[in-house]
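1. Predicted model and sequence below, questions to follow.
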Amino acid sequence: MSGFVIGLKQITLWSIVLVLIGCMSYPTFPSASANIPALIHGELAFGKEIEAAAASDLLEVSDEMRVFIATENILDSDISYTRFRTLMAALVNRGYFANRYRADGTYSAAQTFGSAEGNCLGYTNMFIALARAVGLNASYQLVENYPAWNVTQGQLVRNNHINVVIDEIGLARRSAGELIVDFNRVQLEADFAEPTLVSDAFAEALYHLNLAVDQLNAGDFEGSFAELKRAALSDPENKFVWNNLGVFYSRLGKPKIAQQAYEVALSLDNRNKSALAGMVVALTTQGRLERAAEFERRVYWYQRRNPYYHYARANLAFAKQDFDAALLAIEQAIDLPGHDARFFAFRAATAGELGDDRLMRRSQALATKTRNATLSSPKRVTISYYAKAEVNGR
């Protein structure tokens, strides 16, 4: 695959990310929606109509799940937080989070429960279905600007992430708060992440987007398009659907059609960074260099202000053994808000390669200090290797 990749610990939404310069206002595309029927028909890609993939019931509670709830006596307490703790403990005790992560495990709730394995979205589907079945008010939450960038074939690919929010959790009979359950190995840096509650339809679209990646990895372009079409039908206002359709058409060598898909994405969110970057690719491929340069200037502010972008650049330089460039990039990350212990640990390793023992020791100390401060936060309770819960009182 070029320019996008299926996620491991997070939902990966296909996005081509470029090194961009400049800054200016954001575009609007009020008439872009007129292109939607053609974009998802199939004629533009294959010369024929492609049927959408079958819809999925992500949150169906199987008989096996109902037996689990009854057997573990989860409903015995009328305190919602006690039910949550009992549910989580029962899942942990049955080995659901004991290194059973599968990058390609994009499963429904019932499939994840039955196999006791899955990826981030699979575990999130399972937990939301179980939580609702025991009377908890559980919802999906999208975390944009998530601290994870991948280097793929020389390009930087930004990942987003999805987790669970349980609202009005009863910590005692007369108190309530918000509980965040995060199925992920990487510590979430709340200072930089941008969480947003999203609908079940949004999550269903993400599910089909992941399946589209699987199909594309297998070389099945029509199957991938069928999943993309189902994603669009599930939630036509999900900007990531149109981002990914843009990348899909780019892969087919159809930059003008890709541009139309990105314009739909931008009509939904005119600050959609992945779509803005995709427009640069589409326009450049068409030879429209001046127009492409306008979009380069429009997205620069985002990359310049994203510490994890610079962290990924540092990793790329380190892999090429360009340690001076790696040090410069990681210093740019450290200078921005959203400090992460990994930044200091990386700087220590880079300083070691450069023979700067003083900087190495200072960076190691800062990495330990930052990591300890995060782990000692009273708002985060580690439940298991994969699942972490954070209680935010109101």
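-> Right, received. Where do you want to start? Keep in mind that what you see is a predicted model, and the values were worked out from it rather than measured. Residues are numbered from 1 along each chain as shown.
2. got the end-to-end distance for stretch 70-81?
-> 17 Å (Cα to Cα, to the nearest Å).
3. what's the spacing between it and its chain's center?
-> In terms of Cα atoms, centre = their mean, to the nearest Å, the centre of stretch 70-81 is found 31 Å from the chain centre.
4. Of all the residues in it, which ones are buried?
-> 72, 74, 80-81 (16 or more other Cβ atoms under 10 Å). Every C-beta, even on glycine, is put in place using the N, C-alpha and C of the backbone.
5. Closest to residue 52 out of the residues you listed?
-> Distance to residue 52 across the buried residues of stretch 70-81 (Cβ to Cβ) is lowest for residue 74, with 36.5 Å.
6. that older thread, got JSON lines for the buried residues of stretch 70-81, with secondary structure too?
-> Formatted as JSON lines, these follow (DSSP: H, G, I helix; E, B strand; the rest coil):
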{"residue": "72", "secondary structure": "coil"}
{"residue": "74", "secondary structure": "helix"}
{"residue": "80", "secondary structure": "helix"}
{"residue": "81", "secondary structure": "helix"}
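7. Considering those, which is situated nearest to residue 56?
-> Out of those, the member with the shortest distance to residue 56 (by Cβ to Cβ) is residue 74, at 25.4 Å.
8. Look at that closest one and report its pLDDT.
-> For residue 74, the pLDDT comes out at 95.
9. Please apply the same query to residue 298.
-> For residue 298, the predicted pLDDT is 81.
10. That one: neighbour count?
-> When neighbours are counted by other Cβ atoms under 10 Å, residue 298 registers 23.
11. follow-up on the earlier one: can you put the buried residues of stretch 70-81 in JSON lines and add distance to residue 273?
-> Formatted as JSON lines, the buried residues of stretch 70-81 follow (distance: Cβ to Cβ, whole Å):
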{"residue": "72", "distance to residue 273": "43"}
{"residue": "74", "distance to residue 273": "41"}
{"residue": "80", "distance to residue 273": "37"}
{"residue": "81", "distance to residue 273": "37"}
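12. Could you let me know which of the residues you listed ends up closest to residue 208?
-> residue 74 (30.5 Å).
13. Please look at that closest one and residue 83 and confirm they touch.
-> Yes. The pair residue 74 and residue 83 passes the contact test of Cβ atoms under 8 Å, sitting 5.6 Å apart.
14. and for the two, which residues touch both?
-> residue 134 (Cβ atoms under 8 Å, 6 or more residues apart in numbering).
15. domains for the chain, by residue range?
-> Domains of the chain are assigned by automatic domain parsing as 1-300, 307-375.
16. Comparing the ones you listed, which yields the minimum mean pLDDT?
-> Across the domains of the chain, the lowest-scoring stretch is domain 1-300, with a mean of 81.
17. distance between it and the chain's centre?
-> 6 Å.
18. need the contact list for the nearest residue to residue 357 once chain neighbours are set aside.
-> Closest residue to residue 357 apart from its sequence neighbours, by Cβ to Cβ, 6 or more residues apart in numbering: residue 351 at 7.6 Å. Shown in contact with residue 351 (Cβ under 8 Å, 6+ apart): 327, 357, 359-360, 363.
19. same deal with residue 198?
-> Contacts for residue 198 (Cβ under 8 Å, 6+ apart) come out as 139-142, 162.
20. got a winner among these for most neighbours?
-> For the contacts of residue 198, the largest number of neighbours (other Cβ under 10 Å) sits with residue 162, at 25 neighbours.
21. That one and residue 326: what is the separation?
-> To residue 326, residue 162 is 31 Å away according to Cβ to Cβ, to the nearest Å.
22. Could you do residue 290 as well?
-> 34 Å.
23. just residue 83 next, same as before
-> In terms of Cβ to Cβ, residue 83 sits 48 Å off from residue 326.
24. which of these two has more neighbours?
-> Using other Cβ under 10 Å, the more surrounded residue of residue 83 and residue 326 is residue 326, with 25 against 22.
25. and the more buried one, helix, strand or coil?
-> helix.
26. Wait, it touches residue 318, no?
-> Yes. In this structure residue 326 lies within contact range of residue 318 using Cβ under 8 Å: 4.2 Å.
27. Now the common contact residues for the two.
-> 346, 350.
28. got the residue ranges for the helices in the stretch 151-300 of the chain?
-> 200-217, 221-234, 239-251, 255-268, 273-285, 289-305 (DSSP state H, counting those that start in this stretch).
29. quick one, which of these is packed in tightest?
-> For these, the largest average neighbour count (mean count of other Cβ atoms under 10 Å) is found in helix 239-251, namely a mean of 27.
30. by contact count, what packs against that one?
-> Applying 3 or more Cβ pairs under 8 Å, 6 or more residues apart in numbering; DSSP states H and E, we find helix 239-251 packed against helix 43-46, helix 200-217, helix 221-234, helix 255-268, helix 273-285.
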